[in-house]
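Asks: Using only what follows, build the 3D model:
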Amino acid sequence: MQTGDFIRLAYSGKIKGTDQLFDQADSAPVIVGAGYILPSLDAKLADMMVGQKKTVELTPEEAFGPRDPKLVRVVPEAEFKRHGTKPVPGMPIEADNMRGRVISVASGRVTVDFNHPLAGKVLTFDLEIKKKIELLDEKIKAIAEFYSRMPMDKLNVHVKGTEVELEIPPTVHAIYKKKIADDIMKWLDLTKVKFVEVFEKPKEK
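Replies: Next up is the predicted model:
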């Protein structure tokens, strides 16, 4: 594989030692070298061919980094109550542009861990390149599928010269539409992207 190749990737990720499955996909759209997957995994694709299977192991430094004790913080429970929230262990929260989860609640103090849940873990990935995407329409749909999480049969593409019109459901956020357009123009020989939002009448039961 080379940077810029469009592929369908099957993968499963587990935590070494426990074999706990944390992520998997049967046919994920990936542009090699575009940051669609972890950089350390992306680099492994350069040595693979279509149909090839490979198992790789990533250290914490290659995956989500080591655990940082400074990212475990104690917050007064009153701060949560001030925002109308009752903290419980496992609750996800956002603060100071960081995402974390509540570890414990005791004596009016809430311990919050802002480390990535997989920080400090050695991970193993089973990889298989299912196919290489060659057709322009399928490449455009692959980019749209990656950001929108919409199946390809929900997406319609019309290419005219260096311009593309992409029909998408109205539920796709503007941020993701911008990312779709940026990647289409970056990785394909196209200069303009137009989105058409399609509203469909619900089927009667």
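Asks: what sits up against the longest strand belonging to the chain?
Replies: In the chain, taking DSSP state E as the definition, the longest strand is strand 20-31. The contact list for strand 20-31 (C-beta atoms under 8 Å, 6 or more residues apart in numbering) reads 4-15, 36-37, 45, 118, 123, 130, 133, 142-143, 145-146, 183, 187. To be clear about C-beta, it is placed using only N, CA and C from the backbone, and glycine gets the same treatment.
Asks: Can I get the buried part of the residues you listed as one ChimeraX selection?
Replies: In ChimeraX syntax, the buried subset of these is picked out as below (16 or more other C-beta atoms under 10 Å):
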select :5,6,7,8,9,11,12,13,14,36,37,45,118,123,133,142,143,145,146,183,187
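Asks: now, which of the contacts of strand 20-31 lie within strands?
Replies: Counting by DSSP E, the contacts of strand 20-31 place 6-15, 123, 130 in strands.
Asks: Now compare these and name the two farthest from each other.
Replies: For these, the farthest-apart pair by C-beta to C-beta is Phe6 and Ile15; their separation is 29.6 Å.
Asks: Is Arg101 in a helix, a strand, or coil?
Replies: strand (DSSP: H, G, I helix; E, B strand; the rest coil).
Asks: Wait, it touches Val110, no?
Replies: No: with contact defined as C-beta atoms under 8 Å, Arg101 and Val110 do not form a contacting pair (10.9 Å).
Asks: List the buried residues in the longest strand of the chain.
Replies: 28-31.
Asks: list the contacts for Ala78?
Replies: Ala78 makes contact with Gly108, according to C-beta under 8 Å, 6+ apart.
Asks: Which pLDDT does the model give it?
Replies: Ala78 carries a pLDDT value of 91.
Asks: Could you verify that it is part of a strand?
Replies: No: assignment of Ala78 by three-state DSSP gives helix, placing it outside any strand.
Asks: Could you list the domains of this structure?
Replies: Domain assignment for the chain, taken from automatic domain parsing, gives 1-66+118-134, 69-113, 135-205.
Asks: Tell me which stretches of this protein form helices.
Replies: 39-45, 77-82, 136-148, 174-187 (DSSP state H).
Asks: tell me which residues of the shortest one are tucked away?
Replies: With burial defined by 16+ other C-beta under 10 Å, the residues of helix 77-82 counted as buried are 77, 80.
Asks: okay, it in CSV with CA atoms only?
Replies: Below are the C-alpha coordinates for helix 77-82, written out as CSV (Å, rounded to 0.1, in the frame of the first residue of the first chain):
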residue,chain,number,x,y,z
GLU,A,77,-19.0,17.4,44.5
ALA,A,78,-20.6,20.8,45.0
GLU,A,79,-19.2,21.8,41.6
PHE,A,80,-21.3,19.1,40.0
LYS,A,81,-24.4,20.0,42.0
ARG,A,82,-24.0,23.6,40.9
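Asks: residue contacts, the residue of the chain positioned farthest from its centre?
Replies: Distance from the C-alpha centroid of the chain peaks at Ser107, with 37.5 Å (C-alpha atoms, centre = their mean). Going by C-beta under 8 Å, 6+ apart, Ser107 touches no other residue.
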